[in-house]
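S.K.: this one's sequence-less:
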């Protein structure tokens, strides 16, 4: 696992009608994540990702940010036989390079930002049909929805939360503290 | 690793002059931990446990609760050659039985309470001199301070935070979701 990663893109999901993200130049990361993003909040409502709690229960938000790697997105594209997988189709907030096996990063590991902020890895973001449909729509091939869910396992990136607020911008080098 | 544990004691550190805890019948666990306890807070100030942040920086509080196991406390006592190690000397908030290797519980694992509440394991609570001094004072043997720091490694329990609030009382069975 690489110790350093480069920030290739930062994105926000601020259109209430979709989880699809759009690129920004920088993120102002706060306790709870990215203000205005659909996943912002120190707490969040439990959903199908937390079946041990009744749906809608208020719990600590361990899924504030979605982080993907250029290398793994390319790997998913190759598995699906398509030219590319855009991070916005997956609702990614942060795109890194230099970490070919980002999705294997253990839960609890810190990602330190040059601004002094810090993120905590909450482990694999398991692929679901939402992003799969985005890919299928783009390439006009319905089969890709379920192929994504199956073939993007262990490659779809991680979720994380903000441990200490700080700015993050394109071009930043972040340190992964294994 | 056992899947279920029994709550043997619950304790609070509500005397500002010490980290030593005292027993209660039950805990009302909230976001942030135990109200009135010295470690209560959704956020906390970084200290020597988080050397990657400047001391005093406000960060998410991943160390709200200290959990120890009866079996490991007995193991530490045997290593130190003393009759017992009381959980309050370690500032423990929760004492469980039925989990001989509690300290090895991975970061991120959930501990589900019968009230519906949930805790998240934040990994080993590394032994330091504070509890060592309590033990040394009790047994009138100064050597025990540093022996504790050395010999209680991997046996001193874990820290955790509250993911979903709920009550926890003596006699409860909790489920460890490996």
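M.R.: Everything's here; your move. Keep in mind that this is a model prediction, so the values were computed, not measured.
S.K.: show me the contacts for residue A:33.
M.R.: A:39-41, A:61, A:64-65, A:93, A:161-162 (Cβ atoms under 8 Å, 6 or more residues apart in numbering or on different chains). The C-beta positions use only the backbone N, C-alpha and C, and glycine is treated the same way.
S.K.: so which of those are also by chain B?
M.R.: Restricting the contacts of residue A:33 to those near chain B by Cβ under 8 Å from any Cβ of the partner chain leaves A:161-162.
S.K.: Format the contacts of residue A:33 as CSV; extra columns: pLDDT, secondary structure and neighbour count.
M.R.: CSV is the format used below for these (pLDDT from 0 to 100; DSSP: H, G, I helix; E, B strand; the rest coil; neighbours: other Cβ atoms under 10 Å in any protein chain shown):
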residue, pLDDT, secondary structure, neighbour count
A:39, 98, coil, 20
A:40, 98, coil, 20
A:41, 98, coil, 17
A:61, 98, coil, 22
A:64, 98, coil, 25
A:65, 98, strand, 29
A:93, 98, coil, 29
A:161, 98, strand, 21
A:162, 98, strand, 26
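S.K.: before we move on, what SS does the residue nearest to the spatial centre of chain A have?
M.R.: Most central in chain A under Cα atoms, centre = their mean is residue A:66, positioned 1.8 Å from the mean C-alpha point. Recorded secondary structure, residue A:66: strand (DSSP: H, G, I helix; E, B strand; the rest coil).
S.K.: Write out the residues of chain A neighbouring chain B.
M.R.: Proximity of chain A to chain B (Cβ under 8 Å from any Cβ) is limited to residues A:31, A:42-43, A:46, A:52-54, A:57-60, A:62, A:106-108, A:110, A:112, A:116, A:118, A:120, A:122-123, A:161-164, A:177.
S.K.: Pull the residues that contact the lengthiest strand in chain A.
M.R.: Using DSSP state E, we find that the single longest strand of chain A is strand A:4-12. With Cβ under 8 Å, 6+ apart as the test, strand A:4-12 has contacts from A:21-27, A:34, A:36-37, A:69-70, A:87-88, A:92-99, A:102, A:111, A:168-176.
S.K.: Which ones among these map onto helices?
M.R.: Under the assignment DSSP state H, the contacts of strand A:4-12 contribute residue A:70 to helices.
S.K.: Kindly write the PyMOL command that selects the buried subset of the contacts of strand A:4-12.
M.R.: In PyMOL, a selection of the buried entries from the contacts of strand A:4-12 looks like this (16 or more other Cβ atoms under 10 Å in any protein chain shown):
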select buried, chain A and resi 21+24+27+34+37+69+70+87+88+92+93+94+95+96+97+98+99+102+111+168+172+174+175+176
